[in-house]
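[1] Could you look at this predicted model? Sequence included:
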Amino acid sequence: MTRHALATIGRATFFAVVLGFFSLPLLWLASAPFDAHPSITTSLPEFTFGNFRSLLDNPYVMSSLRNSLLQAAGSAALVVVLAALAAYALSRVRVPGRDALLYVLLLLSSVVTGTAAMVPLFELATRLNLIDTHLGVILTLSGGLLPAAIFILKDFMDGTPTSYEESARVFGASPLQILRHIVIPLVRPGLATIAVWAVANVWGSFLQPFILLRDPDKSPGAVILYTLYTEGGAPRLDLISTFSLLYSLPVVVMYVFVSRRYGFRFHGGIKR
Amino acid sequence: MSQADPSGLGRARAVGFVLPGLVLIGIFLIFPALWTIYLGLTDYRLTGLAAANPQVVGLDNYTTALGDDRFRNSLWLTVQYVLGSAVVGQAALGFAIAWMLRNRPGPVKRVTEGLVLLAWILPSSVVAFLWIALLDRDEGTLNALLHTPGFAWLLDYPMSSIIVFNIWRGTAFSMMLYGAALENVPPSHLETARLAGASTFQQLRDVVFPRIKGHVLTNLLLISLWTFNDFTSFQLTAGGPEGRSEILPVYIYNVALSGGQLGFGAAISFLVLLINLVFAFIYLRLLRGRRKVVVP
């Protein structure tokens, strides 16, 4: 009996410590944005929505959200289209060395990280006149995301039957028509997963936009947030905390959406 | 209809479909990796004489690095960071949470998993700032809780701070992976072991571990690789004070892009690339034949 009681107490203590550890840093994100006089200490807020209004009035912050959206949407579109085309061809046509190619690409995408390639990526962007452009950020990030996207989508395509395509072909449909009207509807969950995964990745990326963009007018929220704190002298805590919350929301919403709807967990784990 | 091409795409069109993706990967992933090798053999700089006319200096960058205290310090800090926050911290805490949550549906499980996952999916700039607010010297929540006003965690214990930070940030992956792995352990085996009088430690060692060995290895490889390449700590300490938390990714940034020594930075990058290659190679050998892929 004592042993049982001890085990219960031990378990309760364990969960209390874990919950405390994981929630402590998050408390500030829950309280400060609604506090009329936010300090850096977590405290019960003097409740207000005024911080959100002053955020909307700050042009810097709003333009950075637009930049984040542009870079995330651009990368996601590029990754989904290029990966879908490549995955479809690789899934349906048996080219020699296909599996080896896929594995090498996957290997490279986890090896050539932003950290390992920051110098050549910076150099490459400089020579191609891509410094300070959205396109530079989009192409750089897409290049890193594509191999895994192709790999996962090819798996999806392998799992869809080819009999529809064969009948469509009998009726004279062109390959592009087959792709548009038959294959894409079949693999839509896969495409949605890849799109959300790409958006979340780009939305949270700091290093690449940080080194490729100088102009704060082009910087995404992830970079602006950092500069608001480090270069602003006395940090505008009302802005920073409110912006943090606003910037986190899309990622959390997308995560919940994808894991509810498709049963996937992305961002560090696309599992099957 | 041939078996090799059921949808009648044709080889030429197939190549046309694959090519755009491969070109992008080639330019923005493969070429930079190869270019690092070359840049690492030069004295290329961001500004000045060596910017206009870089010279090939052979292995000078590597010999300089090996003799450089700052580099060796950074390497040692990186080892501490990977071992402390990933191999020991995330893996152990992730396993402990998964183990305590097994067969335990209900609010405790949902809330715990939700919070741990939240730390993992929030953008890195946001979590970095949350920790700055937590650890702040004058008004940080931690000092308020511990009644230690004015204690400068990030200045006095920069390395411990970023290690604990990264445990907080990344435990979710280990928790999810081990959670899935533990479902493969039949409860009846654990029950039998318990009835035979095995302690929890013996159950873990003799019943659980043999069944999740593969997952443990996969987990350790991936979280080590990710932690090794993690740049988020830059937003907490920027490597300081005085380089006391300057792990390799931050070191490369400070030396190459901030300090302008692009050639030297590229040489260090190449070393990072090689170490990544070792991790990834072992991982893919394990992965072969299994239909499962994990991406950062």
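    Right, received. Where do you want to start? Numbering: from 1, shown residues only, chains lettered A, B, ... in the order given.

[2] Now for the chain, the helix or strand with the poorest mean pLDDT.
    Because you didn't say which chain, this covers chain A. helix A:50-57 (a mean of 70; mean pLDDT, DSSP states H and E).

[3] should've been chain B
    helix B:49-52 (a mean of 68).

[4] buried ones in the helix or strand following that one?
    Downstream of helix B:49-52, the next assigned helix or strand under DSSP states H and E is helix B:60-67. Within helix B:60-67, the residues that qualify as buried are B:Asp60, B:Asn61, B:Tyr62, B:Ala65, counting by 16 or more other Cβ atoms under 10 Å in any protein chain shown. Using the backbone N, CA and C atoms, a C-beta is placed for each residue, glycine as well.

[5] nearest to A:Leu249, of those residues?
    When these are ranked by distance to A:Leu249 (Cβ to Cβ), B:Ala65 comes first, at 43.1 Å.

[6] For the closest one, which residues are in contact?
    By Cβ atoms under 8 Å, 6 or more residues apart in numbering or on different chains, the contact list for B:Ala65 reads B:Phe71, B:Phe264, B:Ala267, B:Ile268, B:Leu271.

[7] separation between the first one and chain A?
    Here the distance between B:Phe71 and chain A works out to 15 Å (Cβ to the nearest Cβ, to the nearest Å).

[8] start to end distance for stretch A:118-136?
    From its first residue to its last, stretch A:118-136 covers 13 Å (Cα to Cα, to the nearest Å).

[9] average pLDDT for it?
    Stretch A:118-136 shows a mean pLDDT of 90.

[10] Contacts for the host helix or strand of A:Ala100 next, please.
    Using DSSP H and E, A:Ala100 sits within helix A:98-111. Helix A:98-111 is touched from outside by A:90, A:144-148, A:150-151, A:154, B:25, B:29-30, B:33, B:225, B:273, B:276-277, B:280-281, B:283-284, B:288, B:293, B:295-296, with contacts defined as Cβ under 8 Å, 6+ apart.

[11] contacting residues for B:Arg70?
    Applying Cβ under 8 Å, 6+ apart, we find B:Arg70 in contact with B:Gly243, B:Glu246, B:Tyr251.

[12] which residues of the stretch 151-296 of chain B score low on pLDDT?
    Counting by pLDDT under 70, the ranges of the stretch 151-296 of chain B that qualify are B:287-296.

[13] which parts of it sit against chain A?
    B:168, B:172-173, B:176-177, B:180, B:225-226, B:229-232, B:235, B:248-249, B:252-253, B:256-257, B:262, B:265-266, B:269-270, B:272-273, B:276-277, B:280-281, B:283-284, B:288, B:291-296 (Cβ under 8 Å from any Cβ of the partner chain).

[14] Keep only those of these that are in helices.
    B:168, B:172-173, B:176-177, B:180, B:225-226, B:235, B:248-249, B:252, B:262, B:265-266, B:269-270, B:272-273, B:276-277, B:280-281, B:283-284 (DSSP state H).

[15] Now list the buried members of those.
    For those, a burial check counting by 16+ other Cβ under 10 Å picks out B:168, B:172-173, B:176-177, B:180, B:225-226, B:235, B:248-249, B:252, B:262, B:265-266, B:269-270, B:272-273, B:276-277, B:280, B:283-284.

[16] And the pLDDT at A:Val170?
    On the pLDDT scale, A:Val170 gets 81.
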